[in-house]
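Student: Below: sequence and its predicted model.
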Protein chains: 2
Amino acid sequence: MGSNPEKRARFNFVSIALPLRSNALSFLYLFCNLSPMIDFDSLKSEKGLILAVVQDQLSREVLMCAYMNREALEKTVETGIAHFWSRSRQQLWRKGETSGHVQKVKEIRVDCDMDSLLLLVEQVGGACHMGYRSCFYRNLEGEVVGEKVFEPDEVYKP
Amino acid sequence: MGSNPEKRARFNFVSIALPLRSNALSFLYLFCNLSPMIDFDSLKSEKGLILAVVQDQLSREVLMCAYMNREALEKTVETGIAHFWSRSRQQLWRKGETSGHVQKVKEIRVDCDMDSLLLLVEQVGGACHMGYRSCFYRNLEGEVVGEKVFEPDEVYKP
């Protein structure tokens, strides 16, 4: 480590891997002219929303797609738990708030066009409200190919 | 099949669906009235477009996101090569038509809400026009974490 500011900043960053950022670190990144933090303003949102693909970090299964607004991205980064913007309910949505099936975010990637995010997560339970591990549980022939991990009736009680 | 035009059209569609599926299975599905083939009309498109996430079938890396219209999905199913609708150029786009970096589609999955597709592909070369294997080659700190597999200047010649 020594006194190299880049190494020091990077070490500090790694040492608090979750939550993903701290204001002090953003300050270090800015003033040491290191790789800049990409925030919501840097992204190409559409009507204030950006697409987020969610992938299981270990199994590499694509779990779901959803949208984030500024608040959802910031909450996700701050807490390390995936938050999205529900377009149907028009409200902030902490994934798993009803089912407990939260997504612990380990890394966020940005695509070349800056208009999509990829969240690498540890998925508790299943991502899909139908009880499957992944929302992509059927193929184009309508066959179920995904793994069912819970019974929706038991999890979403009236 | 008989003389029902809808059934005949569906059979024709299915009979050219290889390499994605087996004709024998399609036959069974059609005539035993099992899970139907999911086509563009079954999907919840938005302004005629549906989101497609592309994943490398072997490495499980998420390569890119793009949109498909009806023609793009049908061409993809017919040819086994990924086609999309380019929103910026407003035209059908055969992925890799310039670079040769085509995507051989092995399977297509549909999500629970019927509004997103997941394409499992064999990626020739790299998916990203910046030369990376995946378009998601940076993390939220702006660090390059993806693998560069070609030099764009050498591939996209004027």
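Tutor: Nice, thanks for sending it over. Residues are numbered from 1 along each chain as shown, chains lettered A, B, ... in the order given.
Student: So the most centrally placed residue in chain A: helix, strand or coil?
Tutor: For chain A, the residue nearest the mean C-alpha position is A:Leu119 (3.8 Å; CA atoms, centre = their mean). Three-state call for A:Leu119 (DSSP: H, G, I helix; E, B strand; the rest coil): strand.
Student: ok, it to B:His101 distance?
Tutor: As defined by CB to CB, to the nearest Å, A:Leu119 lies at a distance of 25 Å from B:His101. In this view, the C-beta of every residue, glycine as well, is placed from N, C-alpha and C.
Student: and if you look at A:Arg109?
Tutor: For A:Arg109, the distance to B:His101 - CB to CB - is 20 Å.
Student: Those two - which one has more neighbours?
Tutor: With neighbours defined as other CB atoms under 10 Å in any protein chain shown, A:Arg109 and B:His101 compare such that A:Arg109 has more, 23 against 19.
Student: Let me see the contact set for the more buried one.
Tutor: Applying CB atoms under 8 Å, 6 or more residues apart in numbering or on different chains to A:Arg109 gives the contacts A:117-118, A:120, B:136-140, B:145.
Student: Please identify the helix or strand for it.
Tutor: Using DSSP states H and E, A:Arg109 maps to strand A:103-110.
Student: Return the alpha-carbon coordinates of that strand using PDB.
Tutor: Extracted in PDB, the C-alpha atoms of strand A:103-110 (Å, rounded to 0.1, in the frame of the first residue of the first chain):
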ATOM      1  CA  GLN A 103     -31.200  -9.100  -3.800                       C
ATOM      2  CA  LYS A 104     -27.900  -8.300  -2.200                       C
ATOM      3  CA  VAL A 105     -26.000  -6.300  -4.800                       C
ATOM      4  CA  LYS A 106     -22.300  -7.300  -5.200                       C
ATOM      5  CA  GLU A 107     -21.400  -5.300  -8.300                       C
ATOM      6  CA  ILE A 108     -23.000  -2.900 -10.800                       C
ATOM      7  CA  ARG A 109     -21.900  -2.700 -14.400                       C
ATOM      8  CA  VAL A 110     -22.700  -0.200 -17.000                       C
END
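Student: Any buried residues in stretch A:98-110, and which?
Tutor: If you call a residue buried by 16 or more other CB atoms under 10 Å in any protein chain shown, then stretch A:98-110 has these buried ones: A:99, A:101-103, A:105-110.
Student: just stretch A:145-156 next, same as before
Tutor: By 16+ other CB under 10 Å, the buried positions in stretch A:145-156 come out as A:146, A:150.
Student: What's the end-to-end length of that stretch?
Tutor: With CA to CA, to the nearest Å applied, stretch A:145-156 spans 23 Å between its terminal residues.
Student: for stretch A:123-131, the distance to its chain's centre please.
Tutor: 15 Å (CA atoms, centre = their mean, to the nearest Å).
Student: Do me a favour and get the end-to-end distance for that stretch?
Tutor: Taking CA to CA, stretch A:123-131 runs 13 Å from one end to the other.
Student: What lies in contact with that stretch?
Tutor: Stretch A:123-131 is contacted by residues A:54, A:56, A:63-64, A:95-96, A:99-104, A:132-135, A:137, A:146, A:148-152, A:155-156, B:112 when judged by CB under 8 Å, 6+ apart.
Student: Lowest-confidence member of the buried residues of stretch A:98-110, which is it?
Tutor: Lowest model confidence among the buried residues of stretch A:98-110 falls on A:Ser99, which carries 92.
Student: part of a helix, is it?
Tutor: No. Looking at A:Ser99 with three-state DSSP, it is coil, so not inside a helix.
Student: pretty sure it contacts A:Val155?
Tutor: Yes. With contact defined as CB atoms under 8 Å, A:Ser99 reaches A:Val155; the gap is 4.8 Å.
Student: which residue sits closest to A:Pro117 in space, ignoring its chain neighbours?
Tutor: Not Pro; residue A:117 is Leu. Spatial nearest neighbour of A:Leu117, chain neighbours left out: A:Ala52 (4.5 Å); criterion: CB to CB, 6 or more residues apart in numbering or on different chains.
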